[in-house]
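Student: Pasting the sequence and the predicted model now:
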Amino acid sequence: MLIMDLKNEYIRAVDMATKIEFSLLDGQFAPYFETIIRYLGGLLSAYTLSKNQLFLDRADELAVKLNPVFNTKSGLALFSVNPTNRQTSGPEIGILAEIASLQLEYSYLAKLTGKKEHFQRAGILLKAFENANLEDTGGMLPTRWNLTSAQPHDAHVSVGAQADSAHEYLLKQYLMTAKTDKLSLKMYLRATTHIIKNLLYISPTRHLLYVTDETMGRGVGKSHPTHTFEHLSCFLPGLLALGVHTLPLDDLESLGITLNDIDSDGTFGTARTDHEMLALFKLKKLHLWAAEGLAETCYITYADQPTGLGPDEMIFKTAPSKKTWDSPTSQWRANSQGTLWLDALKVWKKSGSRGVPPGLGNKKPVVRDTKRVTGSPRDRDYEIKKVAYLLRPEVRSLSVRLSCNFIITRPSNLYIFYGV
């Protein structure tokens, strides 16, 4: 409201912020993740823009009321809490985005109030990640965690639902701490290295660059990508572009980061060798190419639809591959894993780097409404998995969210259905 100069609406909002009660009836619980990114983040943003002490006082009050959610052996947050009777609720297995999207809010709140307890919330989380076994995922944070042991529950990695904001917070936490939180920076570098090396693919016909999720396994051919591309993942091009803009990716030693910081002894699996491989392309260029290609795909999934609204989830097609003999079942199997973007880049580079890199360049929309654009829907290279458009902040696919200077909260989700 303040940014848009909606003064009358802001005055009414201040009155509501004064009267709101952070309380629930017995048996009711507030989801911690949603409360942090919307309520706590919103109050802190409002304080930063207005300097109205009311917002800071209410933010501090809310954070204190949420404290019982951290009553786990590891100190990682449970799913929900009743701020009135201090009861908590949630399974032992936590979701990455829900336990790791608090650093910005708590670190900023600690700076404003001078309260060490708020800062420690972020510190406990980062310490847990530092001590976790991330060998199978190359140092990238998997999506599910045991809240008792603070160890990964499985080796599934994603930048979509259940994971997105956790990866986003790594870089922004480093930037918001005046580039002093080197632990968050190292985790960001490992995550982006793993994403670019293992999760980025090129579609067979339109050569669209997309990011997918994958369950990692040890050994060649042991990982299992789903080739599902989520609308939620469209924050990634903005994040990569922010990293290019703020980090000397080809001179990390100027930040005190060496290859040994990426991985010195195999603790993070292939993180070191993967980083060295990507560095052959120059990391700044590679990250920017990835950002450009992904942003184009995010745009084209909107432009492909007659409504102009992009679907929530798509499954990308993969090119047919040669059949291989499967000894355990005594039959031939087609094992199409798709074309990794990095492999396509290697071929492009070997051929003299002619033209734009794979996955980049303007793509022509393919819309079923022939009044707009001709073309067969079969040429899209993907099938729509979820026929819905969720009005979330993932409109950030077309912009960069800069919450390093102040924290931007997220609006509530609305559902809009459309015909395809």
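Tutor: The structure has been received and is ready for your questions. Just so it is clear, the structure is predicted and the values come from calculations on it, not from any experiment. Numbering: from 1, shown residues only.

Student: And the pLDDT at residue 323?
Tutor: According to the prediction, residue 323 has pLDDT 62.

Student: now residue 223
Tutor: For residue 223, the model assigns a pLDDT of 76.

Student: And the one 10 residues further on, by the same measure?
Tutor: Model confidence at residue 233, expressed as pLDDT, equals 96.

Student: is it true that it lies in a helix?
Tutor: Yes - assignment of residue 233 by DSSP: H, G, I helix; E, B strand; the rest coil places it within a helix.

Student: Do I have it right that it meets residue 159?
Tutor: Yes - look at residue 233 against residue 159 with Cβ atoms under 8 Å: they come within range, at 5.0 Å. Every residue, glycine included, has its C-beta placed from N, CA and C.

Student: what do those two both touch?
Tutor: In terms of Cβ atoms under 8 Å, 6 or more residues apart in numbering, residue 233 and residue 159 are both contacted by the residues residue 211.

Student: all strands of the stretch 251-400 of the chain, in order?
Tutor: 313-316, 323-326, 331-334, 339-340, 382-386, 389-391 (DSSP state E, counting those that start in this stretch).

Student: Mean pLDDT lowest where, among those?
Tutor: strand 331-334 (a mean of 58).

Student: From residue 193, how far off is the closest residue to residue 256 other than its chain neighbours?
Tutor: Nearest residue to residue 256, sequence neighbours excluded (Cβ to Cβ, 6 or more residues apart in numbering): residue 182, at 6.8 Å. To residue 193, residue 182 is 16 Å away according to Cβ to Cβ, to the nearest Å.

Student: Looking at those two, which one has more neighbours?
Tutor: residue 193 (29 against 14; other Cβ atoms under 10 Å).

Student: Can you name the residues that contact that one?
Tutor: By Cβ under 8 Å, 6+ apart, residue 193 lies in contact with 138, 139, 262, 271, 274, 275, 278.

Student: Just the ones of the residues you listed in helices?
Tutor: Residues of those located in helices (DSSP state H): 262, 271, 274, 275, 278.

Student: Tell me the spacing between residue 164 and residue 285.
Tutor: 25 Å.

Student: who's more crowded, these two?
Tutor: Higher neighbour count among residue 164 and residue 285: residue 164, with 22 against 13, using other Cβ under 10 Å.

Student: can you count the residues close to the spatially closest residue to that one that is not a sequence neighbour?
Tutor: Spatial nearest neighbour of residue 164, chain neighbours left out: residue 232 (5.2 Å); criterion: Cβ to Cβ, 6+ apart. Neighbour count of residue 232, defined by other Cβ under 10 Å: 23.

Student: The stretch 101-250 of the chain: helices as residue ranges?
Tutor: Applying DSSP state H, counting those that start in this stretch to the stretch 101-250 of the chain gives helices spanning 103-113, 116-130, 164-176, 182-194, 236-246.

Student: repeat for the stretch 251-400 of the chain
Tutor: Here the stretch 251-400 of the chain has its helices, by DSSP H, counting those that start in this stretch, at 259-262, 271-279, 283-303, 341-350.

Student: quick one: contacts for the residue nearest to residue 256?
Tutor: If you count contacts by Cβ under 8 Å, 6+ apart, residue 182 has them with 174, 255, 256, 257, 261.

Student: If any of those residues are buried, give me the PyMOL selection for them.
Tutor: Burial among these is assessed by 16 or more other Cβ atoms under 10 Å; the matching PyMOL selection reads:
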select buried, resi 174+257+261
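
Student: For the contacts of residue 182, give me JSON lines that also has distance to residue 238 and pLDDT.
Tutor: Output for the contacts of residue 182, formatted as JSON lines (distance: Cβ to Cβ, whole Å; pLDDT from 0 to 100):
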{"residue": "174", "distance to residue 238": "16", "pLDDT": "96"}
{"residue": "255", "distance to residue 238": "22", "pLDDT": "94"}
{"residue": "256", "distance to residue 238": "26", "pLDDT": "93"}
{"residue": "257", "distance to residue 238": "23", "pLDDT": "94"}
{"residue": "261", "distance to residue 238": "25", "pLDDT": "93"}
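
Student: Quick check, residue 150 in contact with residue 76.
Tutor: Yes - using Cβ under 8 Å, residue 150 makes contact with residue 76 at a distance of 5.9 Å.

Student: Mind listing the shared neighbours of those two?
Tutor: Contact criterion Cβ under 8 Å, 6+ apart; residues shared by residue 150 and residue 76: residue 128.

Student: Residue 288 is in contact with residue 240, correct?
Tutor: Yes - using Cβ under 8 Å, residue 240 is in contact with residue 288, at 7.3 Å.

Student: Taking the centroid of the chain, which residue is nearest it?
Tutor: In the chain, the residue lying closest to the centroid (Cα atoms, centre = their mean) is residue 164, at 2.3 Å.

Student: quick revisit: nearest to residue 295 among the contacts of residue 182?
Tutor: For the contacts of residue 182, the closest approach to residue 295 (Cβ to Cβ) belongs to residue 174, at 22.4 Å.

Student: That closest one touches residue 184, doesn't it?
Tutor: Yes - contact criterion Cβ under 8 Å: residue 174 and residue 184 qualify, at 4.5 Å.

Student: Ends of stretch 147-166, what's the gap?
Tutor: Stretch 147-166 has its terminal residues 16 Å apart, counting by Cα to Cα, to the nearest Å.

Student: List the buried residues of that stretch.
Tutor: By 16+ other Cβ under 10 Å, the buried positions in stretch 147-166 come out as 147, 150, 152-153, 155-166.
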